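# model this:
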Amino acid sequence: MQLKLSILFALFTSSAFVLAQDTCADLYGQCGGSVETWSWTGPTCCTDSADPTRELTCKYISSEYSVCVPTGP
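All right, here's what the predicted structure looks like:
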């Protein structure tokens, strides 16, 4: 029984991790950072939840922070 619970827990936690990684940051959300230490584990893509057709880009601000901003002028 304990082995079955361990397997279920491992499957659940690995699935949750994959789902979390597939989530993009919203407009003006953080999409990167900590380049030297590779400690950023959050989203690295951008999407505008209010207007999904609006293109966003992950703009590098510093080694500690990148932010989702609108593409273009």
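
# show me where this structure has helices.
Ranges of helices within the chain are 2-21, based on DSSP state H.

# Strands of that one, residue ranges please.
For the chain, the strands defined by DSSP state E occupy 30-32, 56-62, 65-70.

# now those strands as CSV including mean pLDDT?
Converted to CSV, the strands of the chain look like this (pLDDT from 0 to 100):
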stretch, mean pLDDT
strand 30-32, 94
strand 56-62, 94
strand 65-70, 95
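
# Out of those, which is the most enclosed?
Stretch with highest mean neighbour count among these: strand 30-32 (a mean of 22; mean count of other C-beta atoms under 10 Å). In this view, the C-beta of every residue, glycine as well, is placed from N, C-alpha and C.

# neighbouring strands for that strand, and are they parallel or not?
Applying DSSP bridges, strand 30-32 is found paired with strand 65-70 (antiparallel).

# Distance to residue 49 added to the strands of the chain, as JSON lines?
Below are the strands of the chain laid out as JSON lines (distance: least, C-beta to C-beta, whole Å):
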{"stretch": "strand 30-32", "distance to residue 49": "14"}
{"stretch": "strand 56-62", "distance to residue 49": "11"}
{"stretch": "strand 65-70", "distance to residue 49": "11"}
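
# low-scoring stretches of the chain, by residue?
1-22, 35-37, 73 (pLDDT under 70).

# repeat that for 90
1-22, 33-41, 62-64, 72-73 (pLDDT under 90).

# now do the same end-to-end measure for stretch 28-42.
14 Å (C-alpha to C-alpha, to the nearest Å).

# List the buried residues in it.
Using 16 or more other C-beta atoms under 10 Å as the test for burial, stretch 28-42 gives 29, 30, 31, 32, 33, 40.

# right, and the first one touches residue 46 too?
Yes. Residue 29 sits in contact with residue 46 when judged by C-beta atoms under 8 Å, with a separation of 7.4 Å.

# what touches both of those two?
Both residue 29 and residue 46 are in contact with residue 68, where contact means C-beta atoms under 8 Å, 6 or more residues apart in numbering.

# residues contacting residue 31?
Here residue 31 is in contact with 24, 25, 42, 43, 44, 45, 46, 58, 66, 67, 68 (criterion: C-beta under 8 Å, 6+ apart).
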